[in-house]
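Novice: the sequence and its predicted three-dimensional model are supplied below.
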Amino acid sequence: MEKITSKRKLTLIPLVVLVALTLLWSLGLISKGIWQLSQQSSTPTLANGKNIRDFANVPNVATGVFNYGGSTAWAPLRLAIDSLIQSERPELQLRYIQPPNGLPGSSPGIQMLLAGQVAFVQSSHPLSAEEHELARQQGLTLKQVPVAINSIAVAVHPQLNISGLTLEQLEAIYTGKIVNWRELGGADLAITAYSRPPSTGGMVDFFVSEILQNQEFGSNVEFVSTNTQALRQLANNPGGIYYGSAPAIVPQCTVKPLALGSSLDKLVAPYQQPLVSISDCPKRRNKLNIRVLRNAQYPLTHYLYVIFLQDENNELPIGQAYANFLLTTQGQKLISKTGFIPLH
């Protein structure tokens with residue numbers, strides 16, 4: 001928009017244009033604050049336009065047994081929330097299943113959805129243009145509903161004398177440009193970078209896009225099938241580094257989470273300061289710094305989505321009902337207790 005510098009220019013603009021410009025400016029402010037989500041409402045608005053406080057009052061829930069799949073980052077949510085949904089709504093039974101061939105993850109889950117193997121997917125990345133196109137080719141329409149905020153944390157061995165990295169340094173490590181911690185002011189140790197396989201999608205896709213700028217992983221990267229396996233290997237490797245879901249990484253007693261930033265003077269820790277020493281854990285554990293994650297001061301922050309097929313008969317899909325459970329006040333409080341960041 002062209003800046004107005006005098007009253008004379010202002011009088012040349014019709015009133016209706018001023019009103020339209022004011023409206024656009026307001027909408028711009030709203031979109032700019034995408035991460036500064038409203039804290040004023042205690043009851044989120046569901047897709048059907050109603051404010052629902054608890055699982056018992058979510059309407060239009062299909063009955064029966066439904067398979068679902070998707071992101072491993074969702075594991076804490078599955079454990080804490082899904083069993084409670086089923087106990088309060090016994091007419092609904094949910095069953096998490098893994099791909100018949102390969103590792104679980106967001107992308108494999110979406111493939112299972114398009115193949116008719118699951119009713120909905122828990123995803124840690126938004127739908128890609130390619131996934132929308134695959135659905136369109138089958139005459140299907142995919143829909144995604146954000147239900148929580150997640151972040152990726154980066155961790156190293158607790159004895160490594162590195163407290164933080166820039167995003168550029170992180171990119172150089174995972175593309176093989178930096179192969180020894182000595183190059184970053186640390187000990188003379190070869191760097192072993194751990195990652196989940198690219199085929200699992202979700203967090204890996206986000207990391208490749210945001211950090212690697214879609215470059216290939218370096219030859220120094222070792223792929224591990226599960227988060228548990230990666231943490232176990234990292235705990236036994238003084239030169240190791242790994243990234244994963246912040247709620248799963250930050251409280252761990254065997255690894256050290258790192259601060260990240262665009263430059264060394266702008267590092268932001270995903271945990272509450274001061275860093276809890278390994279010797280004090282598990283009596284005390286590091287906790288997520290919700291404030292910097294919610295307002296996206298910490299760089300690796302993204303949404304968690306429920307993804308499902310849009311019903312052509314305008315009936316409420318079970319995926320939408322599941323998202324509605326998570327968007328209730330009860331669901332958002334449970335999301336918070338599992339370490340993720342609620343939308344409301």
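Specialist: Yes, it's here. Residues are numbered from 1 along each chain as shown.
Novice: next up, phi/psi of the closest residue to Asn289 other than its chain neighbours, please.
Specialist: Leaving out its chain neighbours, the residue that sits closest to Asn289 by CB to CB, 6 or more residues apart in numbering is Gln272, at 5.0 Å. (Glycine included, C-beta is placed from N, CA and C.) Per-residue torsions, Gln272: phi -80, psi 130 (degrees, to the nearest 10).
Novice: can I assume Gln272 is in contact with Arg291?
Specialist: No: between Gln272 and Arg291 there is no contact under CB atoms under 8 Å: 9.0 Å.
Novice: tell me, what residue is most central in the chain?
Specialist: Centroid check for the chain by CA atoms, centre = their mean gives Asn150 as the closest residue, at 3.5 Å.
Novice: ok, back up a step: which one of Gln272 and Arg291 is surrounded by more residues?
Specialist: Gln272 (15 against 11; other CB atoms under 10 Å).
Novice: tell me the contacts of that one?
Specialist: Asn286, Lys287, Leu288, Asn289 (CB atoms under 8 Å, 6 or more residues apart in numbering).
Novice: for the first one, report the pLDDT, please.
Specialist: In the predicted model, Asn286 carries a pLDDT score of 95.
Novice: next one: it from Val276, what distance?
Specialist: 5 Å (CB to CB, to the nearest Å).
Novice: what do you get for the last one?
Specialist: Spatial separation of Asn289 from Val276 under the definition CB to CB is 13 Å.
Novice: for the closest residue to the residue nearest to the centre of the chain other than its chain neighbours, which three-state class applies?
Specialist: Nearest non-adjacent residue to Asn150, counting by CB to CB, 6+ apart: Leu304, 5.1 Å away. Here Leu304 takes the strand state, with states given by DSSP: H, G, I helix; E, B strand; the rest coil.
Novice: got a pLDDT number for Leu304?
Specialist: Confidence at Leu304, expressed as pLDDT, is 92.
Novice: tell me the contacts of it?
Specialist: 71, 73-74, 77, 122-124, 146-150, 340.
Novice: cool, Ser106 as well?
Specialist: Taking CB under 8 Å, 6+ apart as the test, what Ser106 contacts is Gly70, Ser71, Val121, Gln122, Ser123, Ser124, His125, Thr200, Gly201, Gly202, Met203, Asp205.
Novice: quick one: strands adjacent to the lengthiest strand in the chain?
Specialist: Taking DSSP state E as the criterion, the chain has its longest strand at strand 142-156. Partners of strand 142-156 in the sheet, by DSSP bridges, are strand 240-245 (antiparallel), strand 256-257 (antiparallel), strand 301-309 (antiparallel), strand 341-342 (antiparallel).
Novice: same for whichever helix or strand comes after the first one, what does it pack against?
Specialist: Think strand 240-245. Next in sequence after strand 240-245, counting helices and strands by DSSP states H and E, comes helix 246-249. With contacts defined as 3 or more CB pairs under 8 Å, 6 or more residues apart in numbering; DSSP states H and E, helix 246-249 has these neighbours: helix 75-77, strand 142-156.
Novice: can we see that at 6 Å?
Specialist: Applying 3 or more CB pairs under 6 Å, 6 or more residues apart in numbering; DSSP states H and E, one finds that helix 246-249 contacts strand 142-156.
Novice: contacts for whatever helix or strand comes next after the strand it packs on?
Specialist: Next in sequence after strand 142-156, counting helices and strands by DSSP H and E, comes strand 164-166. Outside strand 164-166, the residues that touch it by CB atoms under 6 Å, 6 or more residues apart in numbering are Leu258, Ala259, Ser263, Leu264, Leu267.
Novice: mind listing what strand 164-166 pairs with, with the direction of each?
Specialist: Partners of strand 164-166 in its sheet, by DSSP bridges: strand 259-261 (parallel).
Novice: model confidence over the strand it pairs with, on average?
Specialist: In this model, strand 259-261 has a mean pLDDT of 97.
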